[in-house]
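After the sequence you'll find the predicted model.
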Amino acid sequence: CTPRVEIMVPDKPITVNLNVKVDHEIRVRVDRELEQLFEQKQDLF
Amino acid sequence: LDLQQAKQQGLVGEQLNGLVGVVQASSEVKAVANDINRQRLASYQDIARRTGTSLTVVQSRAGQLNIERTQSGHYIQLADGSWRRK
Amino acid sequence: DLAKDVQLNGAWHYSEHNDGQLALEIPTQRLSAVSLWSWLNTWLRLPVGVAPQAGQVQLSLSTPNLLDNQQPLIVKARLQDGQLGYRDMLAERVTAKLQLSWSKQGLQSLGPQAVSIDKLNVGIPITDIHAALHWRAQGPWLSGLTAQALGGQLALSPMALSATPTGELHASNISLEQILSYANVNGLTGQGQLHGRLPFAFDGGISVTHGRVHSDQGWVSYQANDQLVATGETNMSLGLTLGLLSDLRYDRLTATISMARTGEATIDSSLHGRAPVMGKMHPVNFNYHHQENLLQLLASLRFAQDLSERLPARLQGESE
């Protein structure tokens, strides 16, 4: 018979941890740049 | 005629796309608006490049901020494109 | 004539009766909410940044004797088709009914005062807002508020409307599917009904501490893009996590939420259920720690709604 290798997955629950950090800095940077623009070129706005 | 005077006299108003729109057309008003918009677009393009986002996003956000900062009595553009005094 | 376009016409009636009485009667009349608000703002400290943009007010005032401040001034006001702006947020179709008696003891409400808002868009639309208010000696009191959002119901516990109110938000039947759609992560879907209690405090900004959320019987599915799947082949734990996340069915989800006034929030959630491991459904405990500035998320949702292009939020994650 052919040897059968079976990965015995333990039947007790597997625990997995996942950490995610979401960063919204793109919009925040656009706002900061626009505020500076309004300040520097007041005659345009 | 500068931008503030044009706004004061209700000749131009702030648009949703961050540019100045002509409310009461005349050759002088059009000239002022085109000049202002040319310079604004150059700055918006620069911001888009530096923040790694698109010109549309910068223009739209500028439009929102401009409208929020518009003095009451001056013209602003509504979502349907019509003009209204704030 | 109180201001540019705030005129009230009514009748004074002076009588000699017991050393002089000055009765005032201003019958119900219509005023523009915008001009009334700007007139009130000249002498009442109204909340900064709130600006009505439309609305009709029906106002009536009466007092038996203006000279005697024990005698109350009865104020009846009804707001219809109001539109209220606050920074870049808008409250649409606002109605209010107020009946107050104003005397030396301050404001007292005559019966329930009701405020309702059809739609308030803070990035996520909040609809059917109904609030009942009450003026007491110590000031305005919120006796109750209900609203609809994210497919479920919100309710506020009764609380004093002081400058720094504290209270608890109750949420029920909140749709996990809608939350995930607002999270705006491609390939991430799910279904489930969330219920929760979020104790909050307002002091220049809202902060939430020890918020609790739970849900029974739901699922989450993340279909990773090819590039991530390829990385998963060489990274054991990422591969396991991606496999597990492709079809995670939970019996029980619990989460704690806290948010600072700045909007920085952390969500610690744990899902107990079954998920594919090595191609077979297997009991799993999935602990998911999420960090995000929720106020910036809401701002970018408001900001993004005007343009088709959703702003990409950068995701950094690691799993062990």
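Nice, thanks for sending it over. Quantities reported herein were computed from a predicted structural model and do not represent experimental measurements.

and whichever residue of chain B sits closest to chain C, how many neighbours?
For chain B and chain C, the shortest gap (Cβ to the nearest Cβ) falls at residue B:60, measuring 5.1 Å. Just so you know, the C-beta spots here come from the backbone N, C-alpha and C atoms, and that holds for glycine as well. Counted with other Cβ atoms under 10 Å in any protein chain shown, residues neighbouring residue B:60 total 20.

Which strands and helices lie in contact with the helix or strand it falls within?
Element membership for residue B:60 (DSSP states H and E) is helix B:55-69. In terms of contacts (3 or more Cβ pairs under 8 Å, 6 or more residues apart in numbering or on different chains; DSSP states H and E), helix B:55-69 is packed against helix A:25-40, strand B:12-14, helix B:27-51, helix C:294-305.

I'd like to know which residues of chain A are adjacent to chain C.
Neighbours of chain C within chain A, by Cβ under 8 Å from any Cβ of the partner chain: A:7, A:9, A:11-28.

Let me fix that, I meant to ask about chain B.
Residues of chain B lying close to chain C by Cβ under 8 Å from any Cβ are B:16, B:53, B:54, B:56, B:57, B:60, B:61, B:64, B:68.

Can you select the buried ones from those residues in ChimeraX?
Only the buried entries of the residues of chain B next to chain C go into this ChimeraX selection, using 16 or more other Cβ atoms under 10 Å in any protein chain shown:
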select /B:16,53,56,57,60,61,64
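
Out of the residues of chain B next to chain C, which two sit at the greatest distance?
B:54 and B:68 (21.3 Å; Cβ to Cβ).

what helix or strand is the residue nearest to the spatial centre of chain A on?
By Cα atoms, centre = their mean, chain A has its centre lying nearest to residue A:22, at 4.1 Å. For residue A:22, the host element (DSSP H and E) is strand A:14-23.

That strand packs against which elements?
helix C:236-245, strand C:280-293, strand C:314-319.

can you list the weak-confidence ranges in chain A?
Applying pLDDT under 70 to chain A flags residues A:1-10, A:26.

residue contacts, residue C:157?
C:167, C:168, C:169, C:170 (Cβ atoms under 8 Å, 6 or more residues apart in numbering or on different chains).

One more pass at 6 Å, please.
Contact analysis of residue C:157 by Cβ atoms under 6 Å, 6 or more residues apart in numbering or on different chains lists C:167, C:168.

Pull the number of nearby residues for residue 45.
Reading this off chain A. Residues lying near residue A:45 (other Cβ under 10 Å) number 21.

that's the wrong chain, I wanted chain C
A count of nearby residues for residue C:45, using other Cβ under 10 Å, gives 7.

Distance of it relative to residue C:149?
30 Å (Cβ to Cβ, to the nearest Å).

likewise residue A:14?
Residue A:14 is 35 Å from residue C:149, where distance means Cβ to Cβ.

Same drill for these two, tell me which one is more crowded.
More neighbours surround residue C:149 than the other of residue A:14 and residue C:149, with 19 against 16 (other Cβ under 10 Å).

Please name the bridge partners of the residue nearest to that one when sequence neighbours are not counted.
Distances taken as Cβ to Cβ, 6 or more residues apart in numbering or on different chains place residue C:126 nearest to residue C:149, at 4.6 Å, with adjacent residues excluded. Counting by DSSP bridges, residue C:126 is bridged to residue C:120, residue C:149.

does residue C:97 really touch residue C:116, like I thought?
No - here residue C:97 does not reach residue C:116: they are 9.1 Å apart, not a contact under Cβ atoms under 6 Å.

got any residues that touch both of these two?
Counting by Cβ under 6 Å, 6+ apart, residue C:97 and residue C:116 have no contacts in common.

rewinding a little: for the residue nearest to residue C:149, grab the count of nearby residues.
17.

And it, how close does it get to residue A:11?
Counting by Cβ to Cβ, the gap from residue C:126 to residue A:11 is 45 Å.

Excluding residues flanking it in the chain, which one is nearest residue 28?
The chain I'm using is chain A. Closest to residue A:28 by Cβ to Cβ, 6+ apart is residue C:296, at 6.3 Å.

The intended chain is chain C.
residue C:60 (4.2 Å).

ok, residue 33 - how many residues close by?
If you meant another chain, say so; for now it's chain A. Neighbour tally, residue A:33, other Cβ under 10 Å: 19.

Chain C was what I was after
With other Cβ under 10 Å as criterion, residue C:33 counts 22.

Could you export the helix or strand harbouring the residue nearest to residue C:28 as CSV, CA atoms only?
Taking DSSP H and E as the definition, one finds residue C:60 inside strand C:50-63. What follows is strand C:50-63 as a C-alpha-only set of coordinates in CSV (Å, rounded to 0.1, in the frame of the first residue of the first chain):
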residue,chain,number,x,y,z
VAL,C,50,-24.6,75.9,12.7
ALA,C,51,-26.2,77.8,9.8
PRO,C,52,-29.8,77.4,8.7
GLN,C,53,-30.1,77.6,4.9
ALA,C,54,-33.8,77.3,4.5
GLY,C,55,-37.0,77.0,6.5
GLN,C,56,-40.2,78.7,7.6
VAL,C,57,-40.9,79.5,11.3
GLN,C,58,-44.4,80.1,12.6
LEU,C,59,-44.0,82.1,15.8
SER,C,60,-46.4,83.4,18.4
LEU,C,61,-45.7,85.3,21.6
SER,C,62,-48.0,86.4,24.5
THR,C,63,-47.7,87.6,28.0
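
center of chain C - which residue?
Note: chain C centre (Cα atoms, centre = their mean) maps to residue C:126, 6.9 Å.

Point out where chain B drops to low pLDDT.
Within chain B, no range satisfies pLDDT under 70.

tell me the residue furthest from the middle of it?
residue B:52 (22.7 Å).

Can you report how many residues lie near residue B:77?
As a burial measure, residue B:77 scores 20 neighbours (other Cβ under 10 Å).

residues contacting it?
Counted by Cβ under 6 Å, 6+ apart, residue B:77 has contacts B:15, B:16, B:21.
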